[in-house]
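K.L.:
got a structure for you, letters missing:
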């Protein structure tokens, strides 16, 4: 005899829903705060590592801090949009509405925004590296390019969510078609 699969915990779903909201609002505030008041060592090491610290100015100018915040806000806002989309889906899941179009659409939007957030996190350090070393003498400007394993994993997870959401859309279409025959 087979047992029905367990339902997701409504309490855990609600906790995740609120965490999505907290991070969607808190992350952009944190990014701006970090870039406007963070120590130069923290700003530089986050982008360049510790290899070229002697090539960098003692402290970035205000325009460099504002530009850095603006550049890093792009992937952060994309992530926030994805988290808000996931939050909508989680709210529907907590109500037991697992396969409604709005829940599936929220997952698709989460994947879409997550993909762009990760893509932005790959591009942003290169742009910020140029901004932070712009005032350096010729030959001492830096262009950094890196791809970390967590970024590759993030792209993979976003792609998987996108595919799964597409499968759910197709399954909903087939279910609607089957209901019309009955």
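P.N.:
That came through fine. Bear in mind that the values here come from a model prediction, so they are computed numbers and not experimental data. Numbering: from 1, shown residues only.

K.L.:
how about the spatially closest residue to residue 171 that is not a sequence neighbour, secondary structure?
P.N.:
Closest residue to residue 171 apart from its sequence neighbours, by CB to CB, 6 or more residues apart in numbering: residue 99 at 7.4 Å. From N, CA and C alone the C-beta is placed, and that goes for glycine too. Following DSSP: H, G, I helix; E, B strand; the rest coil, we place residue 99 in the coil state.

K.L.:
wait, what's in contact with residue 99?
P.N.:
168, 171-172, 175 (CB atoms under 8 Å, 6 or more residues apart in numbering).

K.L.:
closest to residue 112 among these?
P.N.:
Looking at these and their distance to residue 112, the nearest is residue 168, at 14.5 Å (CB to CB).

K.L.:
show me the contacts for that closest one.
P.N.:
Residue 168 neighbours (CB under 8 Å, 6+ apart): 99, 104, 107.

K.L.:
what does residue 131 give?
P.N.:
Listed by CB under 8 Å, 6+ apart, the contact partners of residue 131 are 64, 67-68, 71.

K.L.:
mind running it again at 7 Å?
P.N.:
64, 67-68 (CB atoms under 7 Å, 6 or more residues apart in numbering).

K.L.:
ok, now residue 85?
P.N.:
106, 109-110, 113.

K.L.:
again, only this time at 8 Å
P.N.:
Contacts for residue 85 (CB under 8 Å, 6+ apart) come out as 106-107, 109-110, 113.

K.L.:
Point out where the protein drops to low pLDDT.
P.N.:
Along the chain, segments meeting pLDDT under 70 span 1-6, 49-58, 137, 140-142, 182.

K.L.:
Please repeat the previous calculation with a cut-off of 50.
P.N.:
Within the chain, no stretch has pLDDT under 50.

K.L.:
All the helices of it, residue numbers only.
P.N.:
Applying DSSP state H to the chain gives helices spanning 10-37, 40-48, 62-94, 101-132, 149-181.
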